[in-house]
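A.B. asks: Just a sequence and a predicted model for now, questions to come.
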Amino acid sequence: MFTLRTILHPTDFSKQAERAFQVACDLAHKYQAKVVVLHVGPNPMTSLGGAQAVPPMPEEVGREELRKALLNVRSAYPDVQIEHRFETGNAAAEVLRTAEQTNADLIIMGTHGRSGVERVFLGSVAENVLRKAQCPVLTWK
């Protein structure tokens, strides 16, 4: 029997991701599951050997804005527990790692449905997750 305790929802804050989040919350409400909302940001710059601290770079300010946006992702259901996670790195790899780490029973994510040359150059996080996830994956276009 399929049990649903933890749903992982990776988000890029797109319309597709918003709709996928609504589906995740509907299922979480129905099955009394928790939703882990994950955003994967760009890799932070690493400091070089004893470099002095400098004021925040624009990309660091951007990461703070992304963290704030992540915390604003909330369920319309008051009984649905939401956990927010912000990671940096390769999006697909971080989604898979977080799914394993949280023992996700289901991943629900939006997809942009790119094809052709655009898909070749940009790749597809959803496709990589679909191919490698150890749990079921539901995508929303």
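C.D. replies: Everything's here; your move. Numbers count the residues shown, from 1 in each chain.
A.B. asks: Count the residues that sit near Gln134.
C.D. replies: By the criterion of other C-beta atoms under 10 Å, Gln134 has 11 neighbours. No exception for glycine: its C-beta is placed from N, CA and C like everyone else's.
A.B. asks: That one and Arg97: what is the separation?
C.D. replies: 11 Å (C-beta to C-beta, to the nearest Å).
A.B. asks: buried stuff in stretch 24-42?
C.D. replies: 24-25, 27-29, 33-41 (16 or more other C-beta atoms under 10 Å).
A.B. asks: Show me which pair in the residues you listed is furthest apart.
C.D. replies: Longest distance between any two of the buried residues of stretch 24-42 is 28.3 Å, between His29 and Gly41; criterion C-beta to C-beta.
A.B. asks: hang on, the earlier thing: give me the subset of the buried residues of stretch 24-42 that lies in helices.
C.D. replies: 24-25, 27-29 (DSSP state H).
A.B. asks: By mean pLDDT, flag the weakest helix or strand of this protein.
C.D. replies: helix 116-122 (a mean of 46; mean pLDDT, DSSP states H and E).
A.B. asks: following that one, which helix or strand shows up next?
C.D. replies: The helix or strand immediately downstream of helix 116-122 is helix 125-132, counting by DSSP states H and E.
A.B. asks: List the buried residues for that following helix?
C.D. replies: 125-126, 128-130.
A.B. asks: Under the pLDDT cut-off, which ranges of this protein? List them.
C.D. replies: 1, 44-61, 113-123 (pLDDT under 70).
A.B. asks: where along it do the strands fall?
C.D. replies: 6-10, 34-41, 82-88, 106-110, 137-140 (DSSP state E).
A.B. asks: does Leu106 really touch Gln134, like I thought?
C.D. replies: No - in this structure, Leu106 is not within contact of Gln134 by C-beta atoms under 8 Å, at 11.3 Å.
A.B. asks: got a list of what Ala24 touches?
C.D. replies: The contact partners of Ala24, taken as C-beta atoms under 8 Å, 6 or more residues apart in numbering, are 7, 9, 35, 108.
A.B. asks: so what's the second one closest to, chain neighbours aside?
C.D. replies: The reference is to His9. Ala24 (4.5 Å; C-beta to C-beta, 6 or more residues apart in numbering).
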